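Engineer: return atomic coordinates for the entry below.
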Amino acid sequence: MSRCEHGVDELCAAGVKLYEHALRTGHIEAREAADTPCLTDFGLLHPALDDPDRLEPMAPAAALNRLLRAARGRVAAERRREERLVDLFEPLLRADGPRGAASDIPTISVLSGIDRIGEVITQAMIASSGELLAIQPHTTLAYTPPERYAEARARDQALLDRGGRIRTLYPHTLRHAPTVVGRYEQIHGDVEARTLDEVTERLLVIDRTVAFIPASKDRTLALEIRHPALVKYLVTVFDRLWRLATPMYPEPARRPSVNGITPRQRAIAALLVEGRTDAVIADRLGMNIRTARVHIAKLAATLGSESRAQLGYLIARSGILDPEG
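Structural biologist: Reported below is the predicted structural model:
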């Protein structure tokens, strides 16, 4: 039998009837959908985990939300298709009864475009009077135009003026970066910053209820996360990194050398014994490759190494990576 060639907004009468039946009963046999393959093509019916010969319906609220989210990202002509989807799913939502609960609606959204991402973050910040947790890797600087810094500073200051607080993690390479130093010279309030040898990709958590993370390398896509379990997980990761980090602002703490090995060289040594290349070490620690090689050469001279292979051996024997070292 030939497939029904139509979009989900033009769901055939037979498909609508069968989907309604599946919603009422909770499942149907796969053979019953043989004449309406559009239901499985559109994801309205899917095989049960415990029985592939049985099809279960997706909750209309979840299906509608998924399709609308995709429609909003298309061109203006797709707006008319969105209206037809709403009309189609309205009776299906009524047929679903209590199964169409708000909990079925996804709590992760994809944001497209730097302007759109900034707008959503700004709106979340405006609604906040609590706390901003942030991780800002060195790669963030490469993609942020100067005017964005002014916008971010104004946004942060507004939160602080409402009695909020800001905690930010940076890589150690940014402790003296003009962009970062200038940021703290121009905002006032309950602000703290700490640094680590390595940090994760960019993370923003507002009031411990909504988080934003990048979804593409160039930061033109981002995820807005409002699922409580996922946000709690990200907050836990931040809090654990925060406890390991070195204070930078408002009271900087000096990172002492141990046996003539600087903290930067110790971080490089840890990556060297993992067999990382100079390029990977530079990227992980937020420095250019030339600077990384200078530190590697100083480390080799301190330990008396004459080759890369010997350097790894001497690092392991020196004990500089021991927890108590």
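
Engineer: switch to C-alpha atoms for all contacts and neighbour counts from now on
Structural biologist: Noted.

Engineer: can you report phi and psi for residue 135?
Structural biologist: phi -120, psi 120 (degrees, to the nearest 10).

Engineer: pull out the buried residues from the host helix or strand of residue 229.
Structural biologist: Residue 229 is located in helix 228-244, with elements delineated by DSSP states H and E. By neighbour count with 16 or more other C-alpha atoms under 10 Å, helix 228-244 contains the buried residues 230, 231, 232, 234, 235, 238, 241, 242.

Engineer: check stretch 296-309 too.
Structural biologist: In stretch 296-309, counting by 16+ other C-alpha under 10 Å, buried: 296, 297, 298, 299, 300, 303, 305.

Engineer: for those, which one is nearest residue 94?
Structural biologist: Nearest to residue 94, judged by C-alpha to C-alpha, of the buried residues of stretch 296-309 is residue 296 at 66.8 Å.

Engineer: the closest one and residue 267 touch, don't they?
Structural biologist: No: here residue 296 lies out of contact with residue 267, judged by C-alpha atoms under 8 Å, at a distance of 10.5 Å.

Engineer: circling back to that earlier point, looking at the buried residues of stretch 296-309, which is nearest residue 114?
Structural biologist: residue 296 (37.2 Å).

Engineer: what about residue 29, how many residues close to it?
Structural biologist: Residue 29: 15 surrounding residues under other C-alpha atoms under 10 Å.

Engineer: now name the helix or strand holding residue 300.
Structural biologist: Going by DSSP H and E, residue 300 is in helix 289-303.

Engineer: which other helices and strands contact that helix?
Structural biologist: Contacts defined by 3 or more C-alpha pairs under 8 Å, 6 or more residues apart in numbering; DSSP states H and E place helix 289-303 against helix 263-272, helix 278-285, helix 308-318.

Engineer: quick one: the strands in the stretch 1-150 of the chain, in order.
Structural biologist: Taking DSSP state E, counting those that start in this stretch as the test, the strands found in the stretch 1-150 of the chain are 28-29, 45-47, 54-57, 108-112, 131-135.

Engineer: compare those and say which comes out lowest on pLDDT.
Structural biologist: Comparing mean pLDDT across the strands of the stretch 1-150 of the chain, the weakest is strand 45-47, with a mean of 87.

Engineer: I'd like the strands of the stretch 1-150 of the chain as CSV, with distance to residue 17 appended.
Structural biologist: CSV is the format used below for these (distance: least, C-alpha to C-alpha, whole Å):
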stretch, distance to residue 17
strand 28-29, 12
strand 45-47, 13
strand 54-57, 13
strand 108-112, 31
strand 131-135, 49
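
Engineer: so which of these gets nearest residue 179?
Structural biologist: Closest approach to residue 179 among the strands of the stretch 1-150 of the chain (C-alpha to C-alpha): strand 131-135, 15.2 Å.

Engineer: how far does that closest one sit from the chain's center?
Structural biologist: Offset of strand 131-135 from its chain centre (C-alpha atoms, centre = their mean, to the nearest Å): 13 Å.

Engineer: other residues contacting that strand?
Structural biologist: Applying C-alpha atoms under 8 Å, 6 or more residues apart in numbering, the contact partners of strand 131-135 are 164-170, 199-208, 238.

Engineer: what's the angle from it to helix 228-244?
Structural biologist: 70 degrees (axes from the mean of the first three to the mean of the last three C-alpha atoms, to 10 degrees).

Engineer: neighbouring strands - and their directions - for strand 131-135?
Structural biologist: Take DSSP bridges as the rule and strand 131-135 pairs in its sheet with strand 165-171 (parallel), strand 203-206 (antiparallel).

Engineer: can you put these in CSV and add mean neighbour count and mean pLDDT?
Structural biologist: As requested, the strands paired with strand 131-135 are exported to CSV (neighbours: other C-alpha atoms under 10 Å; pLDDT from 0 to 100):
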stretch, mean neighbour count, mean pLDDT
strand 165-171, 22, 93
strand 203-206, 22, 96
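
Engineer: residue 246: which of the ones you listed is closest?
Structural biologist: Nearest of those (C-alpha to C-alpha): strand 165-171, 9.3 Å.

Engineer: what's downstream of the closest one, the next helix or strand?
Structural biologist: Using DSSP H and E, the helix or strand that follows strand 165-171 in sequence is helix 178-186.
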